[in-house]
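Participant: Compute the structure for the input listed below.
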Amino acid sequence: MPVVIEIPESCIAPPHKLWTRDECAGLASAGLLELARYELISGELVLKMGKNYRHMLSALLLATWLQSLFGPLYVMQEPSINVHPEDNPTSDPEPDAVVLRRSARDLSAPPRPDDLRLVAEVSSTTLTFDLTVKAALYARAGISEYWVLDVEGRRLIVHRDPTAGKYSDVAAYLEEEMVATLAAPEHSIRVADLF
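Facilitator: Numbers count the residues shown, from 1 in each chain. Below you'll find the predicted structure:
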C-alpha cells in the first residue's frame, strides 16, 4: 500500500527574493542585469518573451492606428510606466503601447496613471498573464482603459471602468467587430485590421 506523505504548506515553495525598481536599476548600472530582457512585475523579474513576427506586426498596426488618431507624440511604444503608488516600487511594466493625455515632450519621467488614456498589450504567448496579473496591476492604478490584443485568438479584449482594483467592464471583440477607444469614440477600427 502506498504511503501518503503530507507536505506542510510552508515547505512547498522555497523563499525567493522580491526585487524593487531601485535594486534593478542598481544591478543594471553595475552590468549585472540586462533590463531590456526583463520586466519587473510585483517584485518578480519576468523574462520578456521573444516577439514573433505576428506579434511585432500587430504591435506596429496598433501603434500606427493610434498615432493616426492622436499624433506620434501622444503614443509611446514599450515605455516604462508608473502604476499605483503601493505597486510602483516593485512593478515597472512596459506595455506594448500607451496613449498619453499630453505630449511626451511635456513629461519629465515615465508616465503616471493619470497621464495615460489607454494602455495596450499585444499578446501572443502571455495571454493569461496579461488578462490576470497585468489587468489587476493596471486596474489598481486606475488606468481607465486597458486593451489586450490576443494574436492567437484574433480578438481584442477591452477592459474599462477600474473599480476596487479590478475592471468591472470587460468585453471581447471578434475579428469582424468594430471597436473604438474611450479617448476617441468617434473613430473605430475593425479588429481584423490589427492582425
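
Participant: Can you dump the C-alpha atoms of the regular element (helix or strand) spanning Ala139 in PDB for me?
Facilitator: Using DSSP states H and E, Ala139 falls within helix 135-140. C-alpha atoms of helix 135-140 as PDB (Å, rounded to 0.1, in the frame of the first residue of the first chain):
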ATOM      1  CA  ALA A 135      -5.100  43.700 -15.700                       C
ATOM      2  CA  ALA A 136      -5.100  43.700 -11.900                       C
ATOM      3  CA  LEU A 137      -2.000  45.900 -11.800                       C
ATOM      4  CA  TYR A 138      -3.500  48.400 -14.300                       C
ATOM      5  CA  ALA A 139      -6.900  48.400 -12.600                       C
ATOM      6  CA  ARG A 140      -5.300  49.200  -9.200                       C
END
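
Participant: Mind checking what helix or strand follows it in sequence?
Facilitator: Next element after helix 135-140 (DSSP H and E): strand 145-150.

Participant: and the residue nearest to the spatial centre of the chain, what is it in contact with?
Facilitator: Closest residue to the average C-alpha location of the chain: Pro95 at 3.9 Å, with C-alpha atoms, centre = their mean. Residues in contact with Pro95 (C-beta atoms under 8 Å, 6 or more residues apart in numbering) are 78-79, 81, 119-121, 134. Every residue, glycine included, has its C-beta placed from N, CA and C.

Participant: List buried residues within the residues you listed.
Facilitator: Neighbour counting by 16 or more other C-beta atoms under 10 Å classes 79, 81, 119-121, 134 among the contacts of Pro95 as buried.

Participant: where does this structure dip in pLDDT?
Facilitator: By pLDDT under 70, the low-scoring segments of the chain are 1-5, 7-15, 50.

Participant: can you list contacts of the longest helix anywhere in the chain?
Facilitator: The longest helix of the chain (DSSP state H) is helix 53-70. Helix 53-70 is contacted by residues 51, 74-75, 77, 96-97, 99-100, 118, 120, 122, 124, 149, 151, 181, 183-184, 187, 189, 193-195 when judged by C-beta under 8 Å, 6+ apart.

Participant: Please apply the same query to stretch 31-42.
Facilitator: 18-19, 21, 24-25, 27-28, 45-48, 87, 90-94, 133-134, 137.

Participant: Any idea how far apart the tips of it sit?
Facilitator: This stretch, stretch 31-42, spans 23 Å end to end (C-alpha to C-alpha, to the nearest Å).

Participant: can you check stretch 183-191 too?
Facilitator: Stretch 183-191 end-to-end distance (C-alpha to C-alpha) = 17 Å.

Participant: Please point out which parts of it sit buried.
Facilitator: Under 16+ other C-beta under 10 Å, the buried positions of stretch 183-191 are 183, 189, 191.

Participant: Same check on stretch 40-47?
Facilitator: In stretch 40-47, counting by 16+ other C-beta under 10 Å, buried: 40-41, 43, 45-46.

Participant: related to what we said a few turns ago, for the helix or strand that the longest helix of the chain is followed by, packing partners?
Facilitator: Of the helices and strands lying after helix 53-70 in sequence (DSSP H and E), the nearest is strand 75-77. With contacts taken as 3 or more C-beta pairs under 8 Å, 6 or more residues apart in numbering; DSSP states H and E, strand 75-77 sits against helix 53-70, strand 97-100.
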